[in-house]
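[1] How does the following fold in three dimensions:
(one chain, ligands or ions: 2)
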Amino acid sequence: MTQTNNNMTVNPDLAMERAKCNFNVLEVTHIFDGGERNTLQRKKIEDVALNSGASKDALGEEHMSPKEKYENAVRKSCIYATMMKNELAELSGLESFGVSSPVIRRTADAFFKEVSPFLLHLGMFVPTIMGQCTPEQQSYWLPRALDMQIIGTYAQTELGHGTFIRGLETTATYDPETEEFVLHSPTLSSYKWWAGGLGKTVNYCIVVAQLYTKGECHGTHPFIVQIRDEDTHVPLPGIKVGEIGPKMGFNTADNGFLGFDHYRIPREHMLMKNAQVLKDGTYVKVARHGKLTYGTMVFVRVVLVNEVAFNLAKASTIAVRYSAIRRQSKPKPDEVEPQILDYVTQQHKLFIAIATAHALQLCSTWLWESFSAVLAQMKGGNTDTLPEFHALSSCLKAISTSDSAHLIEQCRHACGGHGYMISSGIPNLYNFVSATRTYEGDYTVLLLQTARFLVKAYEQAEAKKPLTPTVSYLAHAFSGSRATWDNSPDGIIRSFQALAAGKTAVCVTNMRKRMRAGLSQVDAWEMSTIQLVAAAEAHCRAVIADTYRKEIVRLTANSSPNVKVVMDQLTTLYLYYWALERTGDLLMFTSVSQKDLVDLQIAYEELLLKIRPNAVGLVDAFDLRDELLHSTLGSYDGRVYERLMEEALKSPMNKEPVSDAYSKYLRPMMKGKL
Ligand SMILES: CCCCCCCCCC/C=C\C/C=C/C(=O)SCCNC(=O)CCNC(=O)[C@H](O)C(C)(C)COP(=O)(O)OP(=O)(O)OC[C@H]1O[C@@H](n2cnc3c(N)ncnc32)[C@H](O)[C@@H]1OP(=O)(O)O
Ligand SMILES: Cc1cc2nc3c(=O)[nH]c(=O)nc-3n(C[C@H](O)[C@H](O)[C@H](O)COP(=O)(O)OP(=O)(O)OC[C@H]3O[C@@H](n4cnc5c(N)ncnc54)[C@H](O)[C@@H]3O)c2cc1C
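    Ligands and ions are numbered 1, 2, ... in the order given. I've put the predicted structure just below:
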């Protein structure tokens with residue numbers, strides 16, 4: 001593993017762990033990166049971007065005021081954007097996420113403890129131009145946006161509505177006299193709210209508004225709207241824009257609000273790939289599928305699976321390295337205090353985080369490839385695979401973000417008190433990832449989208465009609481008997497599928513019962529939504545488990561024996577962990593017995609012990625440079641206590657021996673003079 005400083009002194013416990021590791025760490029790095037070529041390119045990019053020290057701050061971000069933090073984030077965003085245009089441009093020809101490679105995106109994390117105010121520009125503004133513009137529109141906007149001559153964001157959510165897009169209130173009314181759209185915010189609740197970078201940074205944004213032409217509403221459509229002067233950056237007349245205030249995280253992203261007072265934009269600023277308004281105001285629908293204007297959200301949902309896998313890899317690296325150097329308690333009086341990593345409960349908290357980072361990373365690559373195939377078909381006018389993909393990306397986004405947030409918090413628990421320090425790096429990771437569970441589609445809402453698809457697929461299976469690949473297991477849902485339990489990896493995956501099928505069947509049965517009892521279809525659905533969410537969750541777990549297992553088998557086909565073993569142990573751990581988390585469901589829908597579950601628990605505990613000697617090697621294999629971790633607890637050298645003290649001494653509170661608060665308040669109070 002390459003580190004920036006090869007002469008570093010490493011904590012002896014960490015050095016011992018590395019000596020114990022019995023597999024080739026670099027081989028696993030290649031698996032995580034998607035191949036040796038990707039690893040080499042990633043390292044080149046990181047070397048160019050990070051070795052200059054441009055990512056470092058003189059004063060820690062956490063000691064800055066909100067305004068200083070924001071300005072510092074803009075300063076570094078500009079440095080990074082310039083690097084991207086120059087030094088990094090050539091290097092970034094990796095398997096790309098369309099706009100810029102995920103490696104470029106990840107490397108940027110060294111520059112920000114929270115996020116860049118440019119995140120929405122690259123993450124949503126540019127992808128919307130690419131996905132929603134006609135070729136002519138694209139040729140005008142895309143070069144300006146990619147060259148950062150204009151900076152944009154994506155303003156869809158309003159104060160009153162985020163989830164229910166059809167309920168948005170901002171209007172775009174076409175005026176054929178001037179060939180312009182008039183954007184207006186008729187109510188307080190129609191103000192745009194949340195868009196990243198909107199508060200102070202951007203001068204353009206994609207605005208999603210209800211389109212009216214010839215007196216008729218045609219639903220929500222995207223528009224590109226200039227909101228600030230390109231030279232002075234002053235908001236344009238008719239625009240009311242500002243920043244929404246402090247948040248749990250994202251505090252360097254200047255999320256903003258935006259209102260329009262009869263603000264006019266040229267007709268050509270409606271993004272017209274999927275629908276057009278002609279000069280005379282005639283509305284023409286181009287797209288074959290009604291939801292193609294939701295395309296940018298689907299893109300980001302796909303990207304987020306990768307994003308959270310990376311953040312979970314960071315949290316588990318920090319917590320595992322810290323657990324190797326931290327010694328606590330004395331269960332055996334004659335022996336030294338053990339490393340906390342030796343406690344089985346600690347292994348239970350952490351190894352699932354490592355396995356989940358791998359599972360999500362591999363699923364994200366697979367999801368990206370499926371997305372590319374769907375996009376290619378849609379280019380040819382075929383949207384048949386979109387419903388299945390929407391169901392798949394919705395549940396994977398929901399479960400990956402929710403599991404990652406939960407496991408990052410678990411990593412914090414595993415670090416005891418020190419994990420609560422901002423300098424540990426974990427609070428910022430948690431604040432970032434917990435937001436991903438909400439934005440780009442709330443957890444419950446997206447799982448209910450998947451559930452709609454599952455119910456339809458179930459009905460198709462019932463009618464013996466063909467099923468799409470991710471739900472083909474539903475064909476076995478009508479055998480009448482419970483699935484046979486078998487604790488092999490494939491057997492457990494079949495059981496997860498049986499749970500998903502069983503839960504879907506329960507929902508359908510209950511809804512039908514409720515409808516027979518007089519409820520409307522909508523009310524019967526509503527009464528079943530707790531179970532529908534559970535069915536979608538079970539479906540997603542089956543998909544993740546199946547994909548993880550298949551991908552690992554494929555990717556380790558030519559690996560060295562010990563790499564095969566340790567990768568197999570991690571996938572098995574993932575399967576055992578989730579089987580044990582769902583014992584009640586397994587008892588309902590499979591033939592598993594109490595004895596089988598007791599045996600599985602023992603097998604799980606033994607597996608933890610087998611993985612234990614390789615734990616530090618496994619997180620080293622994520623190959624996360626210290627600059628990316630921003631952590632006193634997780635650095636490669638394990639100098640945890642020294643770093644904690646160094647950081648504490650940087651606190652502005654330690655600048656003066658006696659605080660002003662003493663003379664102002666404490667002294668008068670103590671002397672009875674307040
Ligand atoms: C590498 C580059 C850098 C990368 C950086 C990446 C990181 C970027 C991170 C940036 C940080 C923060 C940004 C945050 C941004 C945002 O949050 S933007 C706002 C996002 N908002 C949402 O996600 C709203 C969620 N709501 C919805 O999606 C929809 O309203 C919902 C799906 C819930 C319902 O839509 P309706 O129009 O009401 O549809 P409905 O009647 O329920 O369903 C009708 C029908 O349509 C199907 N459907 C719905 N959506 C889609 C879709 N997207 N694609 C295909 N089909 C869809 C639905 O399933 C129904 O089908 P059915 O057959 O009738 O059952
Ligand atoms: C950090 C951050 C950044 C963001 N950035 C952007 C951005 O750049 N651009 C942008 O446009 N938006 C952005 N958003 C907004 C984000 O997309 C929305 O907050 C998100 O889609 C959730 O919508 P909501 O806030 O309306 O939640 P609500 O829909 O009000 O959800 C509240 C609760 O109601 C439940 N609920 C709602 N509808 C249903 C239903 N039909 N069935 C069952 N339960 C339901 C939800 O599950 C949830 O528990 C951002 C949000 C955050 C937190």
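[2] by contact count, what packs against the one helix or strand residue 402 maps to?
    In this structure, residue 402 sits in helix 386-414 according to DSSP states H and E. For helix 386-414, the elements it packs on are helix 295-325, helix 344-379, helix 426-436, helix 443-462, helix 529-555, judged by 3 or more CB pairs under 8 Å, 6 or more residues apart in numbering; DSSP states H and E. For the C-beta atoms, the positions are set from N, CA and C on the backbone; glycine is no exception.
[3] got the contact list for the shortest one?
    Taking CB atoms under 8 Å, 6 or more residues apart in numbering as the criterion, the residues outside helix 426-436 that touch it are 113-115, 248-250, 304, 307-308, 311-312, 314-315, 318-319, 401, 404-405, 408-409, 411-412, 415, 419-422, 630-631, 633.
[4] Output the below-cut-off pLDDT ranges for the stretch 1-150 of the chain.
    Along the stretch 1-150 of the chain, segments meeting pLDDT under 70 span 1-7, 92-100.
[5] switch to 90 and redo it
    Across the stretch 1-150 of the chain, the ranges flagged by pLDDT under 90 are 1-8, 52-54, 56-62, 83-106.
[6] ok, residue 287 touching residue 272?
    No - contact criterion CB atoms under 8 Å: residue 287 and residue 272 do not qualify, at 10.6 Å.
[7] picking up where we left off before, determine which stretch of the helices and strands packed on helix 386-414 is the most buried.
    Stretch with highest mean neighbour count among these: helix 295-325 (a mean of 26; mean count of other CB atoms under 10 Å).
[8] That one close to ligand 2?
    No - judged by CB under 6 Å from any ligand atom, helix 295-325 and ligand 2 are separated, with a smallest distance of 8.4 Å.
[9] from the middle of its chain, how far away would that helix be?
    7 Å (CA atoms, centre = their mean, to the nearest Å).
[10] my guess is residue 108 meets residue 80, correct?
    Yes - contact status for residue 108 versus residue 80: in contact at 5.5 Å, counting by CB under 8 Å.
[11] list residues touching both of the two?
    With CB under 8 Å, 6+ apart as the test, residue 108 and residue 80 both reach 49, 116.
[12] between those two, which one's more packed in?
    residue 108 (25 against 22; other CB atoms under 10 Å).
[13] what sits against that one?
    Contacts of residue 108 (CB under 8 Å, 6+ apart): 49, 80, 116.
[14] do you know how far the second one is from residue 154?
    This means residue 80. 20 Å (CB to CB, to the nearest Å).
[15] cool, the last one as well?
    Distance of residue 116 to residue 154, computed by CB to CB: 15 Å.
[16] Could you check which of those two is surrounded by more residues?
    Legend: neighbour count by other CB under 10 Å for residue 116 and residue 154, higher for residue 154 (29 against 26).
[17] Can you classify that one by secondary structure?
    strand (DSSP: H, G, I helix; E, B strand; the rest coil).
[18] Tabulate the helices and strands packed on helix 386-414 (TSV), appending mean pLDDT.
    Listed next are those as TSV, based on pLDDT from 0 to 100:
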stretch	mean pLDDT
helix 295-325	97
helix 344-379	97
helix 426-436	98
helix 443-462	97
helix 529-555	98
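[19] Please convert those to a markdown table, extending it with distance to residue 196.
    Putting the helices and strands packed on helix 386-414 into a markdown table (distance: least, CB to CB, whole Å) gives the following:
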| stretch | distance to residue 196 |
| --- | --- |
| helix 295-325 | 11 |
| helix 344-379 | 21 |
| helix 426-436 | 10 |
| helix 443-462 | 20 |
| helix 529-555 | 27 |
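[20] Of those, which is nearest residue 518?
    The closest of those to residue 518 is helix 529-555. By CB to CB, the value is 18.7 Å.
[21] could you say what helices and strands that closest one packs with?
    Helix 529-555 packs on helix 344-379, helix 386-414, helix 443-462, helix 489-516, helix 561-581, going by 3+ CB pairs under 8 Å, 6+ apart.
[22] ok now that helix, how far from the chain's centre?
    17 Å.
[23] Does ligand 1 have contacts with that helix?
    No - residues of helix 529-555 are not located near ligand 1 by CB under 6 Å from any ligand atom, the shortest gap being 12.0 Å.
[24] So what angle separates the directions of that helix and helix 561-581?
    170 degrees (axes from the mean of the first three to the mean of the last three CA atoms, to 10 degrees).
[25] Would you mind giving the orientation angle of helix 529-555 with respect to helix 386-414?
    Using the same axes, to 10 degrees: helix 529-555 against helix 386-414 is 90 degrees.
[26] tell me the contacts of whichever residue of the chain sits closest to ligand 2?
    Ligand 2 sits closest to residue 162 of the chain, with a gap of 2.3 Å, by CB to the nearest ligand atom. The contact partners of residue 162, by CB under 8 Å, 6+ apart, come to 194, 442.
[27] Can you tell me how far it is from residue 65?
    29 Å.
[28] ok, and what's touching the helix or strand where residue 265 lies?
    Per DSSP H and E, residue 265 falls inside strand 263-266. Contact partners of strand 263-266, identified using CB under 8 Å, 6+ apart, comprise 175, 178-184, 223-226, 236, 238-239.
[29] Which of these has the largest number of neighbours?
    Busiest of the contacts of strand 263-266 [other CB under 10 Å] is residue 181, holding 28 neighbours.
[30] Report the secondary structure state of it.
    Relying on three-state DSSP, one would call residue 181 strand.
[31] That one against residue 175, yeah?
    Yes - taking contacts as CB under 8 Å, residue 181 lies within contact range of residue 175: 7.3 Å.
[32] Are we agreed that residue 480 is in a helix?
    No - counting by three-state DSSP, residue 480 is not part of a helix but coil.
[33] what's the burial count for it?
    Around residue 480 there are 5 residues (other CB under 10 Å).
[34] now residue 328
    Residue 328 has 12 nearby residues by other CB under 10 Å.
[35] can you list the residues of the protein near ligand 2?
    120, 153-157, 161-163, 194-196, 250, 255, 435, 438-442, 444-445, 448.
[36] let's see it at 5 Å
    154, 156-157, 162-163, 194-196, 250, 435, 438-439, 442, 444 (CB under 5 Å from any ligand atom).
[37] Out of those, which end up buried?
    154, 156, 157, 162, 194, 195, 196, 250, 435, 439, 444 (16 or more other CB atoms under 10 Å).
[38] Among the residues you listed, which ones lie close to ligand 1?
    156, 439.
[39] any idea which of the buried ones among the residues of the chain next to ligand 2 is the one closest to ligand 1?
    Minimum distance to ligand 1 across these is 3.5 Å, recorded for residue 439 (CB to the nearest ligand atom).
[40] Excluding chain neighbours, give the residue nearest to the closest one in space.
    residue 194 (7.7 Å; CB to CB, 6 or more residues apart in numbering).
[41] next one: residue 433
    Distances taken as CB to CB, 6+ apart place residue 405 nearest to residue 433, at 4.7 Å, with adjacent residues excluded.
[42] likewise residue 145?
    Closest to residue 145 by CB to CB, 6+ apart is residue 126, at 5.2 Å.
[43] follow-up on the earlier one: and residue 287 and residue 272? which has more neighbours close in?
    residue 272 (20 against 15).
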